[in-house]
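1. Predicted structure and sequence below. I'll ask about it afterward.
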Amino acid sequence: MHTGITESDMDTSVGAGRVSDRTTWRPGIRRPRLLTGVLPPAVLLALLPGHVPAERRGRVSGLSGPGQAVAPLPGGHGARRRGTSARGPPSTLDRVTDIVPAPPPHGEAAPADLGRVELIVREQLVRAGLPVDQVFTDVSERHTMLAGLAGVLAGLDPDTLARSHYISKMVAAAAVGLFDAALNYLWDELVNELHRRVARSDLQYFFEVAAGNSYLRKHLRDASDLGRIDDVHLLRAARDTGLITGAEFHDLDHIRFMRNHASAAHPNRVVLTGPDLAYWLRICIEVISYPDARGRTGP
């Protein structure tokens, strides 16, 4: 199975490094090769971050493009010796330009960085013989979701941030392009925080509202039993006891619905977008950032 980075590619990279260590020419050997296109695309992609500042990568990528286009002309037979027949299917790393878009204006390198993460994961899946189609959300959608992350998280106090492990998992999943898993993690974080809020309130009263005279009520004794209450009744009881507002209830109930029908919790064919995930994250953070609904306006 062709994996994109061949032994010859690796030998080229290592050999270039050795020559660079010994050369007396001030630019070294890697910089000229970056511009002339002699390095394989995968190795070029790996070397750019270490040698080119973020704000200049767009220009360097543009300069290196002609070299990459011209270099194969006199040496096409070399690619065939490495097993990259023109009739064979391209590997993941051969399609690098389909995954890593050109950096956007103003030197912003985030989309390219996200693409590099995907390349690593894709290559491992290919090597294992696993599918890679319809697995990752587009890089542009990931960038949209993560662009305002710092501003959204600024609404949380340091103590809450420090314990938000599921938010960390959500961000990690979103960065690699697994939006369905990211939504699941977001919901887990919200439920954890609602449980903490309920535990600080009149717990027995909350149990009465949530379970009433049902058989479940007999098993609700302390905060450790909150996990017995399903998400629907958790949200309704939180609204009815004033822990969240009516508007927050409707927003959160919609996120709960999408979590059940569009996340990794259950098989589905729903495609989530960056704005979707960013909006739901903002709603959850706004709810978490308040101790409860009392004293706030809203239906």
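-> Good, I have the coordinates.
2. quick one, phi psi at S168?
-> Dihedral pair for S168: phi -60, psi -40, per degrees, to the nearest 10.
3. In this structure Y166 contacts E193, no?
-> No: counting by Cβ atoms under 8 Å, Y166 stays clear of E193, with 9.4 Å between them. Every C-beta, even on glycine, is put in place using the N, C-alpha and C of the backbone.
4. Show me which of the two is the more surrounded one.
-> In this view Y166 and E193 are compared by other Cβ atoms under 10 Å, and E193 has more residues nearby, 21 against 18.
5. element containing V171, please.
-> In this structure, V171 sits in helix 165-176 according to DSSP states H and E.
6. swap in V132?
-> Using DSSP H and E, V132 is not contained in any helix or strand.
7. how near is A154 to S289?
-> According to Cβ to Cβ, to the nearest Å, A154 stands 10 Å off from S289.
8. Equivalent analysis for S164, please.
-> As defined by Cβ to Cβ, S164 lies at a distance of 11 Å from S289.
9. list residues touching both of the two?
-> L156 (Cβ atoms under 8 Å, 6 or more residues apart in numbering).
10. of A154 and S289, who's got more company?
-> Comparing A154 with S289 by other Cβ under 10 Å, the one with more neighbours is S289, at 14 against 10.
11. Find the nearest non-adjacent residue to the more buried one, please.
-> Spatially, and ignoring its direct neighbours in sequence, S289 is nearest to G155 (4.5 Å; Cβ to Cβ, 6 or more residues apart in numbering).
12. The one you found in helix, strand or coil?
-> Recorded secondary structure, G155: coil (DSSP: H, G, I helix; E, B strand; the rest coil).
13. before we move on, what about N268?
-> With three-state DSSP as the basis, N268 sits in coil.
14. Pop out the phi and psi values for it.
-> Residue torsions, per degrees, to the nearest 10, at N268 are phi -160, psi 170.
15. for G155, what are its contacts?
-> G155 touches 285-286, 289, counting by Cβ under 8 Å, 6+ apart.
16. on that earlier part again, distance of the residue nearest to S289 relative to V171?
-> 15 Å.
17. And for V287?
-> Distance of V287 to V171, computed by Cβ to Cβ: 18 Å.
18. Equivalent analysis for M258, please.
-> 18 Å.
19. which strands and helices sit next to the helix holding V171?
-> helix 110-128, helix 139-147, helix 179-199 (3 or more Cβ pairs under 8 Å, 6 or more residues apart in numbering; DSSP states H and E).
20. Generate TSV for those helices, with distance to A247 and mean pLDDT as supplementary columns.
-> What follows is those, written out as TSV (distance: least, Cβ to Cβ, whole Å; pLDDT from 0 to 100):
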stretch	distance to A247	mean pLDDT
helix 110-128	33	85
helix 139-147	23	92
helix 179-199	16	96
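21. okay if I get these as TSV plus distance to L277?
-> Output for those, formatted as TSV (distance: least, Cβ to Cβ, whole Å):
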stretch	distance to L277
helix 110-128	14
helix 139-147	5
helix 179-199	6
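22. follow-up on the earlier one: who has more neighbours out of V287 and V171?
-> Per other Cβ under 10 Å, whichever of V287 and V171 has more neighbours is V287, with 23 against 19.
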